[in-house]
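> fold the following, please.
(chains A and B, ligands or ions: 1)
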Amino acid sequence: MMDLLIKALLDGDQAQAIIQASKLREAGVGRRQIITDGVEAAMAQLDAKCTVEQFNLLEIMLCGRAATGVMKVLYPPSTPPPQTKGAVVIGALEGDVHDLGKNIFKMVLTAKGYRVVDRGKDCPVERLIDTAEQEAALAIGISGLITTVIPQVLQIKDKLVARGLGHIKVIAGGAALKQTLAQRLKVDFVAQNAFDGLHYLDQMRG
Amino acid sequence: MNSVERVKAAVAFQPPDRVPVIAQVFGHAAMLARVPLSDYIRDGELLARCQLQALQYYDYDAVFALMDVNVETEAAGSVLTYRSNQYPFVRSYALADGANPDNLSIPDPWQAGRMPELLKAARILRREVGDDVLVIGCVLGPMTLATQLLGIETTLYQAIDEPEQFARLLDFAVAVITRFGIAQIEAGAHLPIVFDPSASPEVIPASFYREWVLPRLEQIFTAFKQAGSAVNWLHTAGPVTPILPFYPQAGVELANIDFSVHPLDAMRTLPRTSLNGNIKSLSFIEATPEEIADEASRLLSLFADRGGFVLSSGCEIPPESKPENIAAMVFAARQDR
Ligand code: B12
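A predicted model of the protein is given here:
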């Protein structure tokens, strides 16, 4: 049955994925196991398929949506949230409205067991930092598609350090930022795609 | 040759007196004239004045009656946020909350939102430059307007979950675009450029493009040609190589290529379609005039034998670009006879 769930997820079939997850629950399979052996396994397969050259956006969006749907069924808002690998705050900075890439990163992280706090697009740096502090986040993920946001990116690390939050990692992604090196952007990591960012977080957690 | 003759010759693969150079100077014209971008994109007269000043300063082959990517969606009911020195963006989409495109009316270009200001800009520009310099208006492509009416993610999901609804959305977009583009030609534009970033292979696969976008572009370009468009110009950002083979069928006569497209690939795929590009937009901010000049002469020699070329940037020249870099590109084309 787990295979059917994985298949439905990889097909991007949300309705079918939810049916399979519910069946697994009825058969007594634990929620944690459904996530690890089903949702995360499907994501890992998708990850293995996606390289920098071969990146089918629609496929990932559909799988990500189906995975998000399954998580909602497993953990409806009324139940206590699942144990996660930690919080990641994400956003696109002031003046940048491109948010497709950010939303994909969010789905990938959620499906892999992170708790994502999305600050949306056109978000001031301060708000990202405030949120990261409140949520005791592991990392801040910034998505930048237009180069005019780079001056904002350059401030984040210093501002974090000044507030005693230097332990929070900063990851950058998106077309404008991935052309530049981490040192030049003053961030901890520059991701070439959403999975690349995920790998960095996984590694960082050890 | 004047600019209009020069561009027409290049597009027809006839030898122009020199390679035409069209700099995609939009908001940069406001920066150059030191007026706030938010005024520039709301006031047709001011926009035209800034464009004319930029033309005088750089002396290239075209001016643009072009505001930003939100003109059509605002006219159709989306609400925008304006900031003083940035392009505006959509705060709430006209079709959010499942609204049906059938219930929206096609905006009247002489009445709705900023459309009349854009038409005013086209009229003033044409009056001032006549048939010496190309006056270029702008419409969005059908995919981009769809994503600007509904939001990009919702649009992509709709395409897969409710293809019939998506078809209606695209058809609505075609109706808006066609009407607006024809009005621009009537107001004095030699052509409206079709700007379709959301149809980029960065976002949708080539098969999706062929099925949904191509037939609609064909409709739009046919209508523009009938209305007297001097050149059918398509501008799609990003790595467009996989969709270039569809351009001739769409009726594209001049195809923009971004810096991520190899000019030789584009030439091979489109032997009879003229191309424009493809200096990296970012380099107008970061590079030196010498680097721009080098890149421009590399392109000029690549296309020297084939023709069918307009020297340009790969996408918009960013507003904050260094003027000397734009001047260097123009100079390279003027020098190369
Ligand atoms: C679609 C698009 C739009 C849409 C955006 C819709 C939306 N809501 O997102 C619309 C039409 C609205 C738009 C508008 C504009 N755009 Co635009 N747009 C694009 C385009 C074609 C594709 C972007 C995209 O969605 N790609 C697909 C996503 C999935 O890719 P991605 O974001 O890179 O994300 C992937 C990874 O990078 C990663 N990732 C992303 N973020 C993060 C974050 C983290 C932490 C991690 C780990 C990973 C990660 O995950 C994703 C999957 O792997 C690009 C071209 C390009 N080459 O990128 C131009 C582009 C980004 N746009 C550009 C411009 C100039 C504009 C405009 C200013 C145009 C104008 N004159 O009005 C406006 C206004 C923008 C503004 N104020 O922000 C320029 C930016 C140039 C620059 N100055 O740097 C580009 C590069 C085009 C170009 N060649 O010039 N645009």
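> ok, which stretches of chain A are strands?
A:87-92, A:115-118, A:139-143, A:169-173, A:189-190 (DSSP state E).
> so does the third one get close to chain B?
So that's strand A:139-143. No: Strand A:139-143 does not reach chain B (Cβ under 8 Å from any Cβ of the partner chain); its nearest approach is 13.4 Å. Quick note: C-beta positions are derived from backbone N, CA and C, even for glycine.
> nearest to chain A: which residue in the stretch 101-250 of chain B?
In the stretch 101-250 of chain B, the residue that lies nearest chain A is residue B:152 (5.4 Å; Cβ to the nearest Cβ).
> hmm, back to that, residue A:4: which of the strands of chain A is closest?
strand A:115-118 (26.8 Å; Cβ to Cβ).
> which other helices and strands contact the closest one?
In terms of contacts (3 or more Cβ pairs under 8 Å, 6 or more residues apart in numbering or on different chains; DSSP states H and E), strand A:115-118 is packed against strand A:87-92, helix A:100-111.
> deepest in the core, which of these is it.
Stretch with highest mean neighbour count among the helices and strands packed on strand A:115-118: strand A:87-92 (a mean of 25; mean count of other Cβ atoms under 10 Å in any protein chain shown).
> contacting residues for the nearest residue in space to residue B:85 that is not next to it in sequence?
Among residues not flanking residue B:85 along the chain, residue B:37 sits closest, at 5.1 Å (Cβ to Cβ, 6 or more residues apart in numbering or on different chains). By Cβ atoms under 8 Å, 6 or more residues apart in numbering or on different chains, the residues touching residue B:37 are B:27, B:30-31, B:84-87, B:319.
> so the residue in the stretch 51-200 of chain B that chain A sits nearest to versus residue A:122, what's the distance?
Of all residues in the stretch 51-200 of chain B, residue B:89 sits closest to chain A, at 4.2 Å by Cβ to the nearest Cβ. Residue B:89 sits 7 Å away from residue A:122, going by Cβ to Cβ, to the nearest Å.
> give me the common contacts of these two.
A:97, B:81.
> what helix or strand does residue B:139 sit in?
Assessed by DSSP states H and E, residue B:139 sits inside strand B:134-140.
> contact partners of stretch A:197-206?
Contact with stretch A:197-206 is made by A:47, A:85-86, A:88, A:105, A:108-109, A:112, A:114, A:138-139, A:141, A:169, A:171, A:173, A:189, A:191, as judged by Cβ under 8 Å, 6+ apart.
> who's in contact with residue B:256?
Contacts of residue B:256 by Cβ under 8 Å, 6+ apart are B:233-236, B:275-278, B:312, B:314-315.
> equivalent analysis for residue B:266, please.
By Cβ under 8 Å, 6+ apart, residue B:266 lies in contact with B:241, B:244, B:255, B:257, B:275, B:277.
> the same query, at a cut-off of 6 Å, please.
Neighbouring residues of residue B:266 by Cβ atoms under 6 Å, 6 or more residues apart in numbering or on different chains: B:257, B:275.
> now for the host helix or strand of residue B:301, which elements pack on it?
Per DSSP H and E: residue B:301 is located in helix B:289-303. Helix B:289-303 sits against helix B:323-335, with contacts defined as 3 or more Cβ pairs under 6 Å, 6 or more residues apart in numbering or on different chains; DSSP states H and E.
> the helix it packs on: which residues count as buried?
For helix B:323-335, a neighbour-count test (16 or more other Cβ atoms under 10 Å in any protein chain shown) marks B:323, B:325-333 as buried.
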